[in-house]
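> Below: sequence and its predicted model.
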Amino acid sequence: MYDAIVIGAGPAGLQAALTLGRMHRSTLLLDSGEYRNGTVQHMHNVITNDGAAPADFRATARKELAAYADVEIREVGAQNVTGADGDFTIVLTDGDSVEARRVILATGVADDLPAVPGLQQLWGLKAFACPFCDGHEHAGRPIGILGPVARAEHLIGLLGRIVGDITVYPIDERFTAEEAQLLERLGARASTEPVAAVAVHGDGVRISTESGGAQTVAGVFVASGTLRQRAPFADDLALGMLPSGSIEIDDFGRTSLPGIFAAGDLAHRASLPGPLASVLLAAAAGQIAAIGVVQSLMAH
Ligand SMILES: Cc1cc2nc3c(=O)[nH]c(=O)nc-3n(C[C@H](O)[C@H](O)[C@H](O)COP(=O)(O)OP(=O)(O)OC[C@H]3O[C@@H](n4cnc5c(N)ncnc54)[C@H](O)[C@@H]3O)c2cc1C
């Protein structure tokens, strides 16, 4: 039996495994290879790694973990988690099953994008959601925002002082006159036509509208994506959830179920309106959950 099994090897799970390994706690790290930033070539706002490739970040983390005898990594998915504090069993997608005293869920979230033709192919390359991660790279250049006014407003507030012209495109239904006026008051242009498709054009993006018009911008920000838990464990284990759809955790990453911890984009404390989704904050949450695990195991 392992002291801990960490499910997920993004920034949260990798850091959790490092902390557990350094504390000589036998740890199994499971990775199904589905990373939220899997299509991203350059991650930003990550001190000492600003602009680095997420794949390089993960490879360096794996190299560092290899120095710790107590950390084992398996490239396999977890299928289900059963048991109780001190005695959990995880069935793996290769049919094997493994046991641990504690479990850290670090399986992240998946982004469900609006059904705009071409958008999925641009995701993480020319289409983004987070101004903190990708705003600066569009400094002074025109951008498009796809989505409803309520969330576009928030993006305009953050991006307005960084980028050049902003055009907001409705999805499916046209903006009302009041919505268009609001966007213009905020300093953005409102497209009269809904977006029909997006595609790479030179080093930018061509946004086509339903009537056949088109505009080329440096990049696109999506204001209408939604997040969902990537793995089913929160549901399976009936963990306490927050209105954001995230797992509720306390200051040490503990979920509502004793022995199950959570870290990264999939979880946050009730004091926040949603997950503060970033590489560094996921890694920090992974470290906190690992500390929580180590403390809870001190008598064992
Ligand atoms: C387009 C885009 C750009 C971004 N750019 C930036 C940026 O520039 N800077 C920044 O700080 N943040 C950025 N982010 C956010 C960042 O990617 C996330 O905050 C971060 O990856 C969250 O880490 P995590 O460990 O919680 O989850 P993830 O990185 O998503 O890792 C989840 C892990 O869980 C594993 N997993 C899932 N299900 C299972 C299962 N059943 N069994 C086993 N393993 C499983 C996956 O394989 C993966 O290893 C960006 C996000 C997106 C979508």
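Nice, I can see it. Because the structure is a prediction, the values reported are computed rather than measured.

> which stretches of the stretch 1-150 of the chain form helices?
11-22, 54-65, 119-122, 131-134, 149-159 (DSSP state H, counting those that start in this stretch).

> close to the ligand, is the longest helix anywhere in the chain?
Longest helix in the chain, counting residues (DSSP state H): helix 279-296. Yes: residues of helix 279-296 contacting the ligand under CB under 6 Å from any ligand atom: 279-280, 282. C-beta: built from backbone N, CA, C; applies to glycine.

> Pick the most deeply packed of the helices of the stretch 1-150 of the chain.
helix 11-22 (a mean of 27; mean count of other CB atoms under 10 Å).

> returning to that earlier point: which one of the helices of the stretch 1-150 of the chain lies closest to residue 292?
Judged by CB to CB, the one of the helices of the stretch 1-150 of the chain that comes nearest to residue 292 is helix 11-22, at 9.7 Å.

> what about the closest one, distance to the chain center?
18 Å (CA atoms, centre = their mean, to the nearest Å).

> In the stretch 1-150 of the chain, which residue sits closest to the ligand?
Closest residue of the stretch 1-150 of the chain to the ligand, CB to the nearest ligand atom: residue 10 (2.2 Å).

> Now do that residue: how many residues are near it, please.
Residues within reach of residue 10, counting by other CB atoms under 10 Å, total 29.

> for the helices of the stretch 1-150 of the chain, which one sits closest to residue 266?
Closest to residue 266 of these, according to CB to CB: helix 11-22, at 8.2 Å.

> by contact count, what packs against the closest one?
Counting by 3 or more CB pairs under 8 Å, 6 or more residues apart in numbering; DSSP states H and E, the packing neighbours recorded for helix 11-22 are strand 2-7, strand 27-30, helix 54-65, strand 71-74, helix 279-296.

> do that again at 10 Å, thanks
strand 2-7, strand 27-30, helix 54-65, strand 71-74, strand 97-105, helix 279-296 (3 or more CB pairs under 10 Å, 6 or more residues apart in numbering; DSSP states H and E).

> Relative to residue 207, tell me which of the ones you listed wins on proximity.
helix 54-65 (26.2 Å).

> Export the closest one to CSV, keeping only CA atoms.
The C-alpha trace of helix 54-65 is given here as CSV (Å, rounded to 0.1, in the frame of the first residue of the first chain):
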residue,chain,number,x,y,z
PRO,A,54,4.4,23.4,-20.9
ALA,A,55,5.8,20.1,-22.3
ASP,A,56,9.3,21.2,-21.3
PHE,A,57,8.0,22.2,-17.8
ARG,A,58,6.5,18.7,-17.4
ALA,A,59,9.7,17.0,-18.7
THR,A,60,11.8,18.9,-16.3
ALA,A,61,9.5,18.1,-13.4
ARG,A,62,9.7,14.4,-14.3
LYS,A,63,13.5,14.6,-14.3
GLU,A,64,13.5,16.2,-10.9
LEU,A,65,11.0,13.5,-9.5
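
> That one - what's its average pLDDT?
Average pLDDT, helix 54-65: 98.

> between that helix and helix 279-296, how big is the angle?
30 degrees (axes from the mean of the first three to the mean of the last three CA atoms, to 10 degrees).

> which other residues reach helix 54-65?
9-11, 13-15, 17-18, 21, 27, 29, 31, 33, 35-43, 46, 49, 52-53, 71-73, 124, 279, 283 (CB atoms under 10 Å, 6 or more residues apart in numbering).

> make it 7 Å
Contacts of helix 54-65 with the rest of the structure, by CB atoms under 7 Å, 6 or more residues apart in numbering, involve 14, 17-18, 21, 35, 37, 40, 43, 49, 71, 73.

> same question, stretch 180-199
Counting by CB under 7 Å, 6+ apart, 116-119, 122, 127, 146, 149, 152-153, 156, 160, 165-175, 179, 205-211, 213, 220 sit against stretch 180-199.

> Residue 24: how many residues sit nearby?
Applying other CB under 10 Å, we find 12 residues neighbouring residue 24.

> Tell me how many other residues crowd the closest residue in space to it that isn't next to it in sequence.
Nearest in space to residue 24, with sequence neighbours left out and distances taken as CB to CB, 6 or more residues apart in numbering, is residue 70 at 5.5 Å. Other residues near residue 70 come to 18 when the count uses other CB under 10 Å.

> Same check on the one 3 residues further on?
Residues near residue 73, counting by other CB under 10 Å, number 18.
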